[in-house]
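> structure, please.
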Amino acid sequence: MNKVWKLSESKSDKLILIKNQTIYKGNPGKEKINKFSLDVETYSNNEIEKELFGIPYHYIKKVINQKGIKHIKVLFGNDSEEELIIEDEKIKNEIFEFLKKDIIELKYKLELPSFFNYCKAQIFAILILTGIFIWSMYYAIEIDKGTVFELRGGGGRLGIGGLVFILGNLGKMKLIIGYSAFIGLALLSMFRKLKSRTEIEVLYR
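Numbering: from 1, shown residues only. Below you'll find the model as predicted:
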């Protein structure tokens with residue numbers, strides 16, 4: 001089954017074509033798009049297809065459609081992926097439903113991303129910041145006690161230990177204020193990320 005979507009308002013993929021079990025996408029000139037027939041079944045001129053990026057069905061491993069995200073992600077080949085940029089949610093869902101029915105060998109599932117997988121970057125950032133804070137606070141406490149530390153390094157390069165020592169010299173109060181500010185930003189980023197956590201439709205082999 002063949003079908004075409006003309007997305008004239010799109011800034012990137014102005015034409016998405018499904019023909020001969022291949023997904024085509026691209027941004028040809030306006031004149032060429034206007035000449036392109038909506039009746040794909042009878043349209044035989046393949047000149048415009050040469051200007052589009054094509055992904056044959058049999059290369060596709062997974063198709064991902066997430067509510068609120070303005071693209072459909074297509075994973076294919078060994079480790080390749082491509083995004084069909086579609087700003088209109090209704091058209092995006094229509095294209096996904098078409099692929100769901102047309103690529104019969106792909107299975108379908110609906111899932112909600114886990115908290116950890118969705119906020120992995122923010123969680124790691126918080127853990128790293130906390131580790132650096134604890135290490136720096138140790139130096140700050142010992143320096144307050146009068147302990148003298150000697151930095152050793154090669155080549156004049158400042159390693160992570162040297163950086164942590166410099167932070168420790170800022171003092172306990174400045175460390176607490178700085179850590180609180182960075183953690184606050186990291187938590188804010190994580191909460192914003194969680195707001196965009198929506199159900200994901202997946203077609204997979």
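
> would you map the strands across the chain?
Listed from the start of the chain, the chain has strands (DSSP state E) covering 3-6, 15-19, 22-26, 53-56, 60-66, 71-76, 80-85, 107-111, 200-204.

> ok, which of those comes nearest residue 179?
In this view, those are compared for proximity to residue 179 by CB to CB, and strand 60-66 is the closest at 33.5 Å. Bear in mind the C-beta positions are built from the backbone N, C-alpha and C, glycine included.

> mind listing what's buried along that closest one?
Neighbour-count burial for strand 60-66, counted by 16 or more other CB atoms under 10 Å, picks out 60-61, 63-66.

> from the residues you listed, which single one is nearest residue 95?
For the buried residues of strand 60-66, the minimum distance to residue 95 (CB to CB) is 8.4 Å, reached by residue 65.

> check contacts around the residue nearest to residue 113 when sequence neighbours are not counted.
Spatial nearest neighbour of residue 113, chain neighbours left out: residue 197 (5.8 Å); criterion: CB to CB, 6 or more residues apart in numbering. The contact partners of residue 197, by CB atoms under 8 Å, 6 or more residues apart in numbering, come to 112-113, 115, 118.

> likewise residue 183?
Under the contact definition (CB under 8 Å, 6+ apart), the residues listed for residue 183 are 126, 129-130.

> again, only using 7 Å
For residue 183, the set of contacting residues under the criterion of CB atoms under 7 Å, 6 or more residues apart in numbering consists of 126, 129.

> distance from the helix or strand bottoming out on mean pLDDT in the chain to the middle of the chain?
Considering only helices and strands, the least confidently modelled element of the chain by mean pLDDT, DSSP states H and E is helix 30-35, at a mean of 72. Mean C-alpha position of helix 30-35 versus that of the full chain (CA atoms, centre = their mean, to the nearest Å) differs by 32 Å.

> how much space between residue 76 and residue 106?
The span separating residue 76 from residue 106 equals 12 Å under the rule CB to CB, to the nearest Å.

> do the same with residue 142
The value you get for residue 142 to residue 106, if CB to CB is used, is 60 Å.

> these two: which is more packed in?
More crowded of residue 142 and residue 106, by other CB atoms under 10 Å: residue 106, with 17 against 13.
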